[in-house]
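[1] this one's structure only:
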């Protein structure tokens, strides 16, 4: 009986040794992976920073203004003026202006009533 | 173990035979047994002690070794835990109110030389002078062949320049990583941003420090690693800033002005939507501060915040508003404006002769110096000072820029009656356009004090009341009539009900002693829409001169006002303001009387 217990304990110690050994290596592997990921994240962030900076640089108002001037023939873009605000009635719906639309709806309602 | 008997029969018999006491044998044996037991227990105790000693020694040794290891080990970042956005420890970005980048960082390199490692200094000097046209070949050669062991060649390199230098293959030329502060919008909002430069420098790294503007005012926040990844959001709007700057620049050229400043501010919260000072500079390549000449002529000088000017007739509304607030007059009270008004050795005159008397409303509309002087005399010096103080005209503005403290208003130490008179129409007290913008906002928004700010927040605390809503409304009506039929008719923008006041002040001679006759600061302070002011716009032009007519025109009505009107036309739609038909003044009166 005693011998059995001793053997069992011995086997358990061996098993735990194996477990600890593999866990150790797993941990080291994950740490290395984390480190790699963090370097990747740092690089990605740096790239993102550069891209954001580039985006801001390409969209700087001076440049956009110059581009608008250069392409005026095609785009005919002008600064926003107060006159450009419109009324909802001026928005065409189904190719119709709101006033026409209302008229047509009224007409059709009248037709139904008849 | 074989136990020794206490009374061995053989010995007892022997002792009996010899006539001795057998009990002695027993005692002897007991004694022996005791001694043995004592020896055994002593050795056990000793061995226990030994174990204990060993245990303690090893524990202390463990602690000591651990301490030693800790003290000699290199500090290391914990890698297993999430470390967030601080992975890239950089100076924080600055963004506008819509999150568009105003200042960011870019990785770059610096170039330094270690002449002792150089293979061909002559060739290197020649090649470097070709790559960097601003470097002199002879200087470089002298440095490379001299006794110096180390020298900086360039603080910042572009990637192309770095590659070109790299291609030289010169082992004595080395690169150090650098973080470059980049302002992608160039000179736009340059005065707000200020600029940054390198602080302490090393081969491997350099700290970036703010040198002016918000970069310096928020330097601690931007550099603090605990705020890494956080952005500094300003109230400035990039596209509006750009529009204001473009119009102001055009106006400045058209009016032949030396400089100009424009401030667009939210009338209720004090958020500065746009702050322009011209001429400006590129913060990416910030010019060195001027060593000679007038610092106010340098492009670095922020006219809107640092420029302390007499702001002229724009101050008249303060006298009128205060007189209304104190109940001394109503907008219709007639004031004697017969001139010239003599006070001691001073004579106060009007630009034109406006007759014998004008109502308070018309004094503002026609901009009568004598009229506002009479109002100020009714108010009195102490009350006038108190009111101007409550509007913030005695302290530098609290705008979050290092330059703000430089804009300390100038006012007479000895406030005589003549000061009261001249200050009522904007002479004798100098303040910055920012002061004026904040005061107009406070006066016109319904009477709550406004503190100008550049820092975007979710909630802005409303300031204390400076005038009653009624006075504020009267002031708006008066200023509206200035634009409708007074001195600022060019400022009328259909649909936006601009209200404002012009101011044309002669420039004081820098060396002292009087004023220039042909140099003015012309100012237009305005708010729109007049019936419910949302924004305040102040435009100031330095020495404008419109030479289209027979004689040159310098008054604000001809110079600052049209520029301001164009700014409002451009900017109001961008601010999302739809042109509206102005509610009639009559309607306003009926509403308020209910």
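    Good, I have the coordinates. None of the values given here were measured: they were computed from a predicted structure.
[2] remind me which residues of the stretch 451-594 of chain B are low pLDDT?
    Residue ranges of the stretch 451-594 of chain B with pLDDT under 70: B:584-594.
[3] Those residues of the stretch 101-250 of chain B touching chain A, which are they?
    Selection of the stretch 101-250 of chain B residues close to chain A by CB under 8 Å from any CB of the partner chain yields B:101, B:104-107, B:182, B:184-186, B:188, B:238-239, B:242-243, B:246. The C-beta positions use only the backbone N, C-alpha and C, and glycine is treated the same way.
[4] Out of the residues you listed, which end up buried?
    Among those, those scoring as buried are B:101, B:104-106, B:182, B:184-186, B:188, B:238-239, B:242-243, B:246 (criterion: 16 or more other CB atoms under 10 Å in any protein chain shown).
[5] so of the residues you listed, which ones are in strands?
    Among those, the ones falling in strands (DSSP state E) are B:101, B:104-106, B:182.
[6] ok, of those residues, which one's closest to chain A?
    Nearest to chain A among those: residue B:101, at 4.0 Å, using CB to the nearest CB.
[7] what about the nearest residue to that closest one once chain neighbours are set aside, how many neighbours?
    Spatially, and ignoring its direct neighbours in sequence, residue B:101 is nearest to residue A:56 (4.0 Å; CB to CB, 6 or more residues apart in numbering or on different chains). A count of neighbours around residue A:56, defined by other CB atoms under 10 Å in any protein chain shown, yields 21.
[8] In TSV: the buried ones among the residues of the stretch 101-250 of chain B next to chain A, plus pLDDT and distance to residue B:519.
    What follows is those, written out as TSV (pLDDT from 0 to 100; distance: CB to CB, whole Å):
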residue	pLDDT	distance to residue B:519
B:101	91	40
B:104	89	41
B:105	86	43
B:106	84	43
B:182	89	39
B:184	91	37
B:185	91	33
B:186	89	31
B:188	91	29
B:238	93	34
B:239	92	34
B:242	93	30
B:243	93	29
B:246	93	26
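[9] Just the closest of the residues you listed to residue A:31, please.
    Closest approach between these and residue A:31, by CB to CB: residue B:105, at 29.2 Å.
[10] was I right about residue B:372 contacting residue B:427?
    No: in this structure, residue B:372 is not within contact of residue B:427 by CB atoms under 8 Å, at 11.0 Å.
[11] picking that back up, so which pair among the ones in strands among the buried ones among the residues of the stretch 101-250 of chain B next to chain A is furthest apart in space?
    It's B:101 and B:106 that sit farthest apart of those, by CB to CB, at 11.3 Å.
[12] Give me the common contacts of the two.
    By CB atoms under 8 Å, 6 or more residues apart in numbering or on different chains, residue B:101 and residue B:106 have these common neighbours: residue A:53.
[13] before we move on, the earlier item: residue B:372 and residue B:427 - which one has more neighbours?
    Neighbours per residue (other CB under 10 Å) separate residue B:372 from residue B:427, with residue B:372 holding more: 29 against 22.
[14] Just the element for the more buried one, please.
    Secondary structure from DSSP states H and E places residue B:372 in helix B:369-379.
[15] And the following helix or strand past that helix, what does it pack against?
    For helix B:369-379, the following helix or strand on the C-terminal side (DSSP H and E) is helix B:381-390. Judged by 3 or more CB pairs under 8 Å, 6 or more residues apart in numbering or on different chains; DSSP states H and E, the packing partners of helix B:381-390 are helix B:316-325, helix B:417-424.
[16] residues contacting residue B:373?
    The contact partners of residue B:373, by CB under 8 Å, 6+ apart, come to B:341, B:343, B:348, B:421-422, B:424-425.
[17] of all these, which comes closest to chain A?
    So of the contacts of residue B:373, ranked by how close each gets to chain A (CB to the nearest CB), first place is residue B:425, at 33.2 Å.
[18] okay, now that closest one: neighbour count?
    For residue B:425, the count of nearby residues is 29 (other CB under 10 Å).
[19] Which pLDDT does the model give it?
    Residue B:425 is assigned 89 on the pLDDT scale.
[20] That one contacts residue B:369, correct?
    Yes: contact criterion CB under 8 Å: residue B:425 and residue B:369 qualify, at 4.7 Å.
[21] what sits in contact with each of the two?
    Residues touching both residue B:425 and residue B:369 (CB under 8 Å, 6+ apart) are residue B:313.
[22] closest to residue B:492 out of the helices and strands packed on helix B:381-390?
    helix B:316-325 (17.9 Å).
[23] Just the mean pLDDT for the next helix or strand after that closest one, thanks.
    Counting by DSSP H and E, the next helix or strand C-terminal to helix B:316-325 is strand B:334-336. The average pLDDT within strand B:334-336 is 87.
[24] And stretch B:190-197, by the same measure?
    For stretch B:190-197, mean pLDDT rounds to 90.
[25] what's in contact with that stretch?
    Residues from elsewhere that reach stretch B:190-197 (CB under 8 Å, 6+ apart): B:91, B:94, B:102-103, B:181, B:183, B:208-216, B:234, B:236, B:275-277, B:280-283, B:286, B:302, B:304-305, B:401-403, B:454.
[26] Can you classify residue B:404 as helix, strand or coil?
    Under the three-state scheme (DSSP: H, G, I helix; E, B strand; the rest coil), residue B:404 adopts helix.
[27] same thing with residue B:110?
    At residue B:110 the chain is in strand, as set by three-state DSSP.
[28] my guess is residue B:111 meets residue B:154, correct?
    Yes: contact between residue B:111 and residue B:154 holds when scored by CB under 8 Å: they sit 4.4 Å apart.
[29] For the stretch 351-500 of chain B, just list every one of the strands.
    Along the stretch 351-500 of chain B, counting by DSSP state E, counting those that start in this stretch, strands occupy B:357-359, B:430-431, B:499-508.
[30] Per-residue confidence, the residue in the stretch 301-450 of chain B that chain A sits nearest to, what does it come out as?
    Here the residue of the stretch 301-450 of chain B nearest chain A is residue B:304; by CB to the nearest CB that distance is 19.2 Å. Confidence at residue B:304, expressed as pLDDT, is 90.
[31] Not counting sequence-adjacent ones, nearest residue to it?
    Per CB to CB, 6+ apart, closest to residue B:304 is residue B:261, 4.1 Å.
[32] Show me which residues of chain A are close to chain B?
    Counting by CB under 8 Å from any CB, the residues of chain A near chain B are A:30-31, A:34-35, A:38, A:41-42, A:45-46, A:49-50, A:52-53, A:55-57, A:59-62, A:65, A:79-85.
[33] From those, list just the buried residues.
    A:34, A:46, A:49, A:53, A:56-57, A:60-61, A:80, A:82, A:85.
[34] Nearest residue to the middle of the chain?
    Let's take chain A. residue A:48 (12.7 Å; CA atoms, centre = their mean).
[35] try chain B instead
    Short answer for chain B (CA atoms, centre = their mean): residue B:214, at 2.8 Å.
[36] how near is it to residue B:528?
    27 Å (CB to CB, to the nearest Å).
[37] same check, this time on residue B:293
    The spacing between residue B:293 and residue B:528, counted by CB to CB, is 38 Å.
[38] Neighbour count for those two, which is higher?
    Higher neighbour count among residue B:293 and residue B:528: residue B:528, with 29 against 8, using other CB under 10 Å.
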